[in-house]
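# no sequence for this one, just the structure:
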């Protein structure tokens, strides 16, 4: 049986419980270690991407909240300005 890639060789040797020479064993261990490191770096990149997306969402929420507060202040000031000229008078009661 002929296998062309190092990960496939590792799988073949594990499946068939084969013994390997020292040089091949070292190469297989190095390949396995490199594969493990690649998985770790991929996992870390995924976690970092998730954290960045979360932080961006928080900043967008802050911006929307700030804009909402400004609109609310503008509405309150507008209503106060319009209602400034209104006067409330009490009608006199007939005696």
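Noted; the coordinates are in hand. Given the structure is predicted, the values throughout are model-derived calculations rather than measurements. Numbering: from 1, shown residues only.
# quick one: the strands in this structure?
Secondary structure of the chain by DSSP state E: no strands are present.
# what stretches of it score poorly on pLDDT?
Scanning the chain for pLDDT under 70 picks out the ranges 1-7, 9-10, 13, 19-23, 95.
# pull the longest helix from it.
helix 22-83 (DSSP state H).
# tell me what that helix is packed against?
On a contact count with 3 or more C-beta pairs under 8 Å, 6 or more residues apart in numbering; DSSP states H and E, helix 22-83 meets helix 6-16. C-beta: built from backbone N, CA, C; applies to glycine.
# so which residue is smack in the middle of this structure?
residue 50 (2.4 Å; C-alpha atoms, centre = their mean).
# tell me the contacts of that one?
Contacts of residue 50 were listed using C-beta atoms under 8 Å, 6 or more residues apart in numbering, and none were found.
# how close does it get to residue 56?
Going from residue 50 to residue 56 by C-beta to C-beta, to the nearest Å gives 11 Å.
# next one: residue 24
According to C-beta to C-beta, residue 24 and residue 56 sit 48 Å apart.
# neighbours around residue 12, how many?
Per other C-beta atoms under 10 Å, the neighbour tally for residue 12 reads 13.
# any idea how far it lies from residue 38?
In this view, residue 12 and residue 38 are 20 Å apart by C-beta to C-beta.
# again, but for residue 82
From residue 82 over to residue 38 (counting by C-beta to C-beta), the distance is 66 Å.
# same thing with residue 31?
10 Å.
# more neighbours: which of those two?
Comparing residue 31 with residue 38 by other C-beta under 10 Å, the one with more neighbours is residue 31, at 15 against 10.
# what residues sit buried inside stretch 61-68?
For stretch 61-68, burial by neighbour count (16 or more other C-beta atoms under 10 Å) applies to no residue.
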